[in-house]
Each structure stands twice: as structure tokens, then as C-alpha cells.
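Enquirer: from the sequence below, what's the structure:
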Amino acid sequence: MKVLGISGWSGSGKTALIKRLIPVLRARGLRVAVIKHAHHAFDTDIPGKDSFEHRAAGAVEVIIASARRIAQVTELQNVPEPRLADLLCRVSACDLALIEGYKAEAHPKLEVFRAENGTPPLHPGDQSTIAIVSDRAFPEAGIPCVALDDLELIADLVVRSAVDGGEIIERLKCHGATQ
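Expert: Numbers count the residues shown, from 1 in each chain. Predicted coordinates for the structure are as follows:
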């Protein structure tokens, strides 16, 4: 499995880019997984459904399975948030895992930057940024900068730049990487 991060400030368009990029990568024959970091409480289940009710009743883990998909919801009760390296170890067989968020981690990543967002770029302070996907140019950056709507070129960058997941897992574990 190859791994590449998609980083940027909230509102920069990381999710929108990944949503548009996955079909392009799939058309190239790649099986793609996504790990997304959330900075807030979230829920993947629907109140009233059995699995939600089991968790609400106190189950620390609920696994929902069918012939089409499996979902696993684990309550982290007084347990530290899983590290990115640990989450990568849990990803099922795929060709590419895109990591959304985890911008402070040291894995290779593309930065999504929108000038209208009003936030500073991340790449000047992040040696792990290997390219920028943006609505403006960054000639001073010294790394490739691709237009937000050039999905084929972004996909080329992703395929060329993704690195071995095992290498990333070991590097993150060795450096005690956290969320």
C-alpha cells in the first residue's frame, strides 16, 4: 500500500479534492482508502438503528457487517486517540491510502491551499509538503504547484509521490507520532 497525505487548513477543500480525485484514481485501476482525522466528536451511526442503540447502551465496540460492507465503531473511553501509524496498520488491502488531515505529521503530503480562505500556507514550515494544489502560484516554494481543477495532473502527482505505507508506519512509530 502506498500512502500520501492531503493537508491544509479547515475550509481549504481537502475533502472536495479527495472526492473528485478518487474516481480519477479508480479509473487508473487503483483501490483507494482514506483515513480522515477529525478534530471534533463525530458519529457514523444513526439514532434509532440497532448498532447506534448498542453503543448508546454502553458497548465499547460495535461491528456492523453485511455482504456489501463492514463498519467498526470503537468508543475510546479514557484511551489515547490512535496514532496515524496504528490506523494505517488497520487499513484493508488497497493500492493507495490518502490521509486527510494529520497536517503536523511527517509523512509526505500535498497541501491544498485557497487564497480566499485567508489562512497562511503550511508548506513554508512543513518539510513534508512535496507539492501544492492551489488557486494561486507559489514560485518561491521550490516544489510543484498544480491548479485545483487539474485532476489528471494531481492524480499523476499522487501516483508518483505516494510512498510505501510500511516505511511510513515504521517512521511514524519510531518518532512517536501522534494525532
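Enquirer: how near is the spatially closest residue to residue 170 that is not a sequence neighbour to residue 62?
Expert: Distances taken as Cβ to Cβ, 6 or more residues apart in numbering place residue 85 nearest to residue 170, at 7.9 Å, with adjacent residues excluded. From N, CA and C alone the C-beta is placed, and that goes for glycine too. Distance, residue 85 to residue 62, using Cβ to Cβ, to the nearest Å: 24 Å.
Enquirer: report the rounded mean pLDDT for the longest helix seen in the chain.
Expert: Longest helix of the chain, by residue count under DSSP state H: helix 14-27. Averaging pLDDT along helix 14-27 gives 97.
Enquirer: same check on stretch 84-93?
Expert: 89.
Enquirer: contacting residues around it?
Expert: With Cβ atoms under 8 Å, 6 or more residues apart in numbering as the test, stretch 84-93 has contacts from 1, 3, 31, 33, 35, 37, 97, 99, 102, 105, 107, 165, 168-170, 172-173, 177, 179.
Enquirer: mind redoing it with 10 Å?
Expert: 1, 3, 5, 31, 33-37, 70, 72, 81-83, 97, 99, 101-102, 104-107, 165-166, 168-179 (Cβ atoms under 10 Å, 6 or more residues apart in numbering).
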